[in-house]
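> Predicted model and sequence follow; I will ask about them next.
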Amino acid sequence: MTDSYKTRCAAAFYVRTMTPRLDAIGITTADLAASLAFYRRLGLDIPAGADSAPHVEVTLPNGQRILWDTEDVIRSFDPAWAGSQGGDRVGLAFVCDSPAEVDAVYADLTGAGYQGHLKPWDAVWGQRYAVVLDPDGCAVSIFADASQ
């Protein structure tokens, strides 16, 4: 057996056994309490006492986690961190049960003072779709199957 064959087999072994899995989505926020209030309105079960913590984690029903960190927490381990440098890099999307619910959720959020980015509309890809900005300006999509 040649050495190159052994190397290829070893590499193939590592590729098969190392499979990263998405575990969490992180949100860095300038105002933790405001960010948590926004996501509570979207139905996330965030403990009431979490508003004063520097880091918050919530496990969703599907096992995924959403994490919030204050800007100070990020700077504590990355002093050169300067925040986003132009536009959204990650978007969150919340599915609704019906097109009417998209309209109602959008109206609730914008009525509570959150900034609407795209009013509900019937998208060409078959969804009722809207976008609201969270307190840090991150786009959050709200959608439902338009045929429901």
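Perfect, I can see it now.

> Spatially central residue in the protein, please.
Per CA atoms, centre = their mean, the C-alpha nearest to the average position across the chain is that of residue 92, at 4.0 Å.

> Do I have it right that that one meets residue 141?
Yes. With contact defined as CB atoms under 8 Å, residue 92 counts as touching residue 141 (7.1 Å). For glycine as for every other residue, the C-beta is placed from the backbone atoms N, C-alpha and C.

> Burial check on residue 78, number of neighbours?
Neighbours of residue 78 under the rule other CB atoms under 10 Å: 9.

> And it, how close does it get to residue 115?
Distance from residue 78 to residue 115, counting by CB to CB, to the nearest Å: 28 Å.

> Equivalent analysis for residue 144, please.
21 Å.

> who's more crowded, the two?
residue 144 (22 against 12).

> The more buried one bridge partners, please.
For residue 144, the beta-bridge partners under DSSP bridges are residue 128.

> Make 45 the starting number, not 1.
Will do, 45 is the new start, and the previous item becomes residue 188.

> pLDDT score for it?
Turning to residue 188, the model gives it a pLDDT of 94.

> Who are the contact partners of it?
Residues near residue 188 by CB atoms under 8 Å, 6 or more residues apart in numbering: 139, 140, 141, 142, 143, 145, 146, 171, 172.
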